[in-house]
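1. here is the input, now give the coordinates:
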Amino acid sequence: MAANSSLYQEYQSQGPGGSMNLLNILGASKSLTPGQGLFMVKSITVSVAASFCFGAVSMMLLGPGLPFLGGATFGFVGGMIHRWRTDLKETKFAMQSYPELMEFHVKAVEPDLFRRQEYSRWVLNWERNMYKQGLCIIGMYGATPAIARLTEQVEERIVAKILDQQEEGKIETSQETGFDS
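-> Coordinates of the predicted model:
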């Protein structure tokens, strides 16, 4: 029995684990960042949900069989396009608002690419190149926790400023506005 367990341990992968290895195989990059897994899961989830909804509605309106397949296909492709466009808008905002953070995360997606080319030149036309858009979207997903922390800090400063103004009497309190605190 010891021989069998050593054989099993011998073939175990080194690193983060089975699902991460699978995502690494599926990913287009040589290095797996958290953004790649999030992008894949979110894209597939949205597309499958849209596929099911469009397929079910097509089946109810037009009949079973081919209408279901057509509706499901339309829903899947539509879901993917919608996800890409939404991610592109979010990425554009992140690229404008947090350029250094995005540079760090985009470089983490394809480190070999930036050994041959400077990021400052590469990023100039990122919005016109689908490959570059994809790298930036995956970088944005990787940067999401840091962006959330930055957003929370800004929100805390705004709330502190409002509270200070309320204490000084510059802003009405909840009793004067009718809102409960």
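2. starting at the chain centroid, how far to the longest helix belonging to the chain?
-> Secondary structure of the chain per DSSP state H: the longest helix is helix 130-168. With C-alpha atoms, centre = their mean, to the nearest Å as the basis, helix 130-168 stands 15 Å off its chain's centre.
3. buried residues, it. List them.
-> 132-144, 147 (16 or more other C-beta atoms under 10 Å). Heads up, the C-betas are built off the backbone N, CA and C, glycines and all.
4. how close does Arg85 sit to Gly78?
-> Arg85 sits 11 Å away from Gly78, going by C-beta to C-beta, to the nearest Å.
5. higher neighbour count, those two?
-> Gly78 (16 against 10; other C-beta atoms under 10 Å).
6. report the contact partners of that one.
-> Going by C-beta atoms under 8 Å, 6 or more residues apart in numbering, Gly78 touches Ala50, Phe54.
7. angle of the helix or strand hosting it against helix 130-168?
-> Taking DSSP states H and E as the criterion, Gly78 maps to helix 66-97. Put simply, helix 66-97 runs at 60 degrees to helix 130-168, going by axes from the mean of the first three to the mean of the last three C-alpha atoms, to 10 degrees.
8. residue ranges in this structure under the pLDDT threshold?
-> 1-33, 171-181 (pLDDT under 70).
9. make it 50
-> 1-16, 28-29 (pLDDT under 50).
10. how about the spatially most central residue of it: what's its closest non-neighbour residue?
-> Taking C-alpha atoms, centre = their mean, the centroid of the chain lies closest to Tyr141, which sits 3.5 Å from it. Distance criterion C-beta to C-beta, 6 or more residues apart in numbering; nearest residue to Tyr141, sequence neighbours excluded, is Gly35 at 3.4 Å.
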